[in-house]
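**Q** Here's my sequence, what's the structure:
(chains A and B)
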Number of protein chains: 2
Amino acid sequence: MTSTTDIIQKIGSGSIRAIARALSKVENGSSDSTEILDKLFSRQQGFTIGITGPPGAGKSTLVDRMITRYRSSANSVGVIAVDPSSPFTGGALLGDRIRMQSHATDSKVFIRSMGSRGHLGGLSGATRDATCVLSAAGYNPVIIETVGVGQAEVEIADLADITLLVLVPGLGDDVQSMKAGIMEIGDIIVLNKADRNGIEQLESYVKASLEYLPAESRKPDVVRISAANGDGLQDLWDSIDKLMASKTEENRITRSAVRTLNEILQENGVLFSEKLLDLEYGGRENAEKLMLTRQISPYAVGRNLLERAERMFKHNGSK
Amino acid sequence: MTSTTDIIQKIGSGSIRAIARALSKVENGSSDSTEILDKLFSRQQGFTIGITGPPGAGKSTLVDRMITRYRSSANSVGVIAVDPSSPFTGGALLGDRIRMQSHATDSKVFIRSMGSRGHLGGLSGATRDATCVLSAAGYNPVIIETVGVGQAEVEIADLADITLLVLVPGLGDDVQSMKAGIMEIGDIIVLNKADRNGIEQLESYVKASLEYLPAESRKPDVVRISAANGDGLQDLWDSIDKLMASKTEENRITRSAVRTLNEILQENGVLFSEKLLDLEYGGRENAEKLMLTRQISPYAVGRNLLERAERMFKHNGSK
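**A** Numbering: from 1, shown residues only, chains lettered A, B, ... in the order given. Okay, the predicted model is just below:
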């Protein structure tokens, strides 16, 4: 009934149901998801903005402000809420928080909490593909919000064209120094709750940390805001706009296409390996049995598969 | 000159130089590293203990105590110090900290700071392979220490048979709740600096968090210690010994072999994908050119490679 062409067409005409359906398909890695994504990929036009930072940094409030800003210029806005550290909520809490605010009834705001049920590429792959769907459906920007500042969160926020790292005073030096490395990921470092005690120290600390960045790398803007009362937001919007203007569509597409390709190569690679294991050992169980009875090490299994692959490639390459 | 057989033999007779050489080879992913690891894999006998937790939690002091404990029963002890968040030090700081303490001149204590220069599996793969070398060389236990509680750190600490999560009072609720999910990784949760204010709250908090673990999962022990003055250490050793006794050699080998195999499959998979890309498009540059001129999407490239692989597998499988 609902063929891929049908879904693509309906997404083109703005059907919320078709968008939701496509999102479910790509999240679950269903068999037609590659075809859908292939057709949508080149339709992506808008920007993506990643927002990350520890819980309590006020990210949801900032996203809410950001939605208001883009809606006031008649853009429709997509939000993907991701919480990798929470297997229980699958990001639902984040999505709900935003939903409960002022945009619940606005049909031009699409909010999706992410899971990665069947996706070969995990939460990061699922988020990447969902971003493709929303961007192709005309949402601009698509905002990707993640909780936390671990590697998974950073990787996901970094899918976006521009990444904001949101920090607040009062989380203590330990937290912030713990992840001095993450400074490298923020295009813009947002110091939220600028009316709080400790904002001066936080800013000094952040600026000092940025000194450790390699000399050749771009120093991120550091912007003080109070998302709750609106202070400093215009500075933040200016900083975002300036950064967006510096990135040509060409650059953005190149980066996104190459990154997507690399991830897909990795996802496919696992399938290839499993298939080779079947060919070489007649199934994973047999290989595991050989390992567990110490007849072969996992390193030797790996080497044997590589050698088999090389023979196959030689044979097929020469045709 | 130094053939693989030679290195293996010298490792067997306890040559520190041969061990260091093998470690460099596996870290750099040099061409003979697979052969070395294959031969060493089944010689592993000892336990591995992973230790993770935020900076300032006193992990180095605890490792120091742990070395003293095992040395007093005449074991030799290996330590692998890993700091994924620090591209600058490559874990060197950690290693130095331990080295500067009381075991600097003890030849039965081998401390290695990790890098992952040429390793296909990154820092995690390099740590796994280095653990194999040290364990096969007779170090027992091998202690894997990582800084931080992000996904990378947790993944690495989780390579070990037993994982300790070290927490201290005073890092604030935000930090600790931020990563409530990590409670799932510690076999033993160590509350260090038990003489500090806030230890009661920390313990309540930890125990409350553990309530959220799935009913079927093993609840970790929670042990208060003061690594600095030695309080509670005997309780911790008892907890470790009890846990070790519960794991048969069979179980440990099974887990380690299967995990290693899965990682190697993933590492190989990337090589297969790249090779397929060469076959199908005559090199990565051509595929990228097609993508950037919008003649093809990365999703279609992935699909084409999968299809090509399927044809190859069909052909080779039927022989």
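
**Q** Show me what residue of chain A gets nearest to chain B.
**A** For chain A and chain B, the shortest gap (CB to the nearest CB) falls at residue A:269, measuring 2.4 Å. In short, each C-beta sits where N, CA and C put it, glycine included.

**Q** can you tell me which residues contact that residue?
**A** B:266, B:268-273 (CB atoms under 8 Å, 6 or more residues apart in numbering or on different chains).

**Q** now, which of these sits nearest residue A:19?
**A** Taking CB to CB as the measure, residue A:19 sits nearest to residue B:273 out of the contacts of residue A:269, at 30.4 Å.

**Q** that older thread, and the residue of chain A closest to chain B, what element?
**A** Taking DSSP states H and E as the criterion, residue A:269 maps to helix A:249-281.

**Q** Tell me the buried residues in that helix?
**A** Applying a neighbour-count criterion of 16 or more other CB atoms under 10 Å in any protein chain shown, the buried positions in helix A:249-281 are A:252-253, A:256-258, A:260-261, A:263-273, A:275-277, A:279-281.

**Q** Between helix B:249-281 and it, find me the angle.
**A** 120 degrees (axes from the mean of the first three to the mean of the last three CA atoms, to 10 degrees).

**Q** Stretch A:308-318: how far from the chain's middle?
**A** Per CA atoms, centre = their mean, to the nearest Å, the displacement of stretch A:308-318 from the mean C-alpha position of its chain is 36 Å.

**Q** One more: stretch A:16-26?
**A** Its chain's C-alpha centre and that of stretch A:16-26 lie 18 Å apart, by CA atoms, centre = their mean.

**Q** Identify each buried residue in that stretch, please.
**A** So stretch A:16-26, judged by 16+ other CB under 10 Å, has buried residues A:18-19, A:21-23, A:25-26.

**Q** Repeat that for stretch A:191-204.
**A** For stretch A:191-204, burial by neighbour count (16+ other CB under 10 Å) applies to A:191-194, A:199, A:202-203.

**Q** start to end distance for that stretch?
**A** Distance between the two ends of stretch A:191-204: 11 Å, counting by CA to CA, to the nearest Å.

**Q** anything in that stretch sitting right up against chain B?
**A** No: judged by CB under 8 Å from any CB of the partner chain, stretch A:191-204 makes no contact with chain B; its nearest approach is 12.4 Å.

**Q** Not counting its own residues, what contacts that stretch?
**A** With CB under 8 Å, 6+ apart as the criterion, stretch A:191-204 contacts A:53, A:57-58, A:62, A:166-170, A:176, A:206, A:222-229, A:231-232.

**Q** Could you rerun that using 10 Å?
**A** Stretch A:191-204 has contacts (CB atoms under 10 Å, 6 or more residues apart in numbering or on different chains) with A:53, A:56-59, A:61-62, A:165-173, A:176, A:189, A:205-206, A:222-229, A:231-232, A:236.

**Q** chain center to the helix holding residue A:269, what's the gap?
**A** For helix A:249-281, the distance to the chain centre is 17 Å (CA atoms, centre = their mean).

**Q** ok, now stretch A:233-243?
**A** Stretch A:233-243 sits 21 Å away from the centroid of its parent chain (CA atoms, centre = their mean).

**Q** Equivalent analysis for stretch A:161-171, please.
**A** 16 Å.

**Q** How about stretch A:118-136?
**A** For stretch A:118-136, the distance to the chain centre is 8 Å (CA atoms, centre = their mean).

**Q** and what of stretch A:192-201?
**A** That offset, for stretch A:192-201, works out to 28 Å (CA atoms, centre = their mean).

**Q** distance between the ends of that stretch?
**A** Length of stretch A:192-201, first residue to last, CA to CA: 13 Å.

**Q** mean confidence score for it?
**A** Averaging pLDDT along stretch A:192-201 gives 90.

**Q** Check stretch A:260-268 too.
**A** Mean pLDDT, computed over stretch A:260-268, is 91.

**Q** re the thing from before, mind giving me the PyMOL select for the contacts of stretch A:191-204, buried ones only?
**A** Buried residues among the contacts of stretch A:191-204 (16+ other CB under 10 Å), as a PyMOL selection:
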select buried, chain A and resi 53+56+57+58+59+61+62+165+166+167+168+169+171+172+176+189+205+206+222+223+224+225+226+227+232+236
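
**Q** Where do the strands of chain A begin and end?
**A** A:48-52, A:77-82, A:109-113, A:142-146, A:162-167, A:188-191, A:221-224 (DSSP state E).

**Q** Can you give the strand pairings for the fourth one, parallel or anti for each?
**A** By that I understand strand A:142-146. strand A:48-52 (parallel), strand A:77-82 (parallel) (DSSP bridges).

**Q** Show me which residues of that strand are buried.
**A** Quick answer for strand A:142-146 (16+ other CB under 10 Å): A:142-146.

**Q** how close does the residue nearest to residue A:37 when sequence neighbours are not counted sit to residue B:103?
**A** Spatial nearest neighbour of residue A:37, chain neighbours left out: residue B:299 (4.4 Å); criterion: CB to CB, 6 or more residues apart in numbering or on different chains. For residue B:299, the distance to residue B:103 (CB to CB, to the nearest Å) stands at 54 Å.

**Q** can you check residue A:307 too?
**A** Distance, residue A:307 to residue B:103, using CB to CB: 43 Å.

**Q** cool, residue A:280 as well?
**A** Using CB to CB, residue A:280 is found at 45 Å from residue B:103.

**Q** likewise residue A:277?
**A** According to CB to CB, residue A:277 stands 42 Å off from residue B:103.

**Q** just the contacts of residue A:269 now: which is nearest residue B:5?
**A** Using CB to CB, those come closest to residue B:5 at residue B:268, 24.8 Å.

**Q** Report the contact partners of the closest one.
**A** Here residue B:268 is in contact with A:269-270, A:272-273, A:276-277, A:301-303, A:305-306, A:309, B:120 (criterion: CB under 10 Å, 6+ apart).

**Q** now with 8 Å?
**A** With CB under 8 Å, 6+ apart, residue B:268 has these contacts: A:269, A:273, A:276, A:302, A:305-306, A:309.

**Q** go on, residue A:277?
**A** Residue A:277 touches A:283-284, A:287, A:301, A:305, B:265, counting by CB under 8 Å, 6+ apart.

**Q** give me that answer again for 7 Å
**A** Counting by CB atoms under 7 Å, 6 or more residues apart in numbering or on different chains, residue A:277 touches A:284, A:287, A:305, B:265.

**Q** try residue A:50
**A** Residue A:50 neighbours (CB under 7 Å, 6+ apart): A:144, A:157-160, A:163-164.

**Q** Farthest pair within these?
**A** A:159 and A:164 (13.2 Å).

**Q** The two: which has the busier surroundings?
**A** Neighbour count, other CB atoms under 10 Å in any protein chain shown: between residue A:159 and residue A:164, residue A:164 has more, with 30 against 24.

**Q** Does that one touch residue A:186 like I think?
**A** Yes: counting by CB atoms under 7 Å, residue A:164 touches residue A:186, with 6.3 Å between them.
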